[in-house]
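In: Give me a model of this one.
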Amino acid sequence: MPTEADAIAQLSAVLYRLKDLGWRERMYAPKDGTMIEVIEPCSVGTFDANYWDGVGWFSHDAEDSYPSDFIMWRPKKNPKV
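Out: All right, here's what the predicted structure looks like:
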């Protein structure tokens, strides 16, 4: 991507493709505590996350929870009960 315009065009293409694959913008994520799957900036994987009422969004891995600033989300494919 030799120019800023090329980088912006690529970013738009990526976002549209992720939407085609079922990902949604952050503003549409449920704030009822439902566990969702998220994409964090500068990460190559996905994480589980949910909204803690009055506190904010938190992502979770096998050992910890931490504040989340995810950019896209989707419902979990196999939510744990």
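In: Tell me who's in contact with the closest residue in space to Asp32 that isn't next to it in sequence.
Out: Distances taken as C-beta to C-beta, 6 or more residues apart in numbering place Tyr51 nearest to Asp32, at 7.3 Å, with adjacent residues excluded. Using the backbone N, CA and C atoms, a C-beta is placed for each residue, glycine as well. Tyr51 makes contact with Ala29, Pro30, Lys31, Asp32, Gly33, Thr34, Trp57, Phe58 under the criterion C-beta atoms under 8 Å, 6 or more residues apart in numbering.
In: can you pick the most crowded of the residues you listed?
Out: For those, the largest neighbour count, defined by other C-beta atoms under 10 Å, is 20 neighbours, found at Ala29.
In: ok, it touching Ile36?
Out: Yes - using C-beta atoms under 8 Å, Ala29 is in contact with Ile36, at 6.1 Å.
In: can you tell me the helix or strand for the residue nearest to Asp32?
Out: strand 46-52 (DSSP states H and E).
In: re the thing from before, in strands, which of the contacts of Tyr51 appear?
Out: Trp57, Phe58 (DSSP state E).
In: Give me the pLDDT for the residue nearest to Asp32.
Out: Per-residue confidence (pLDDT) for Tyr51: 97.
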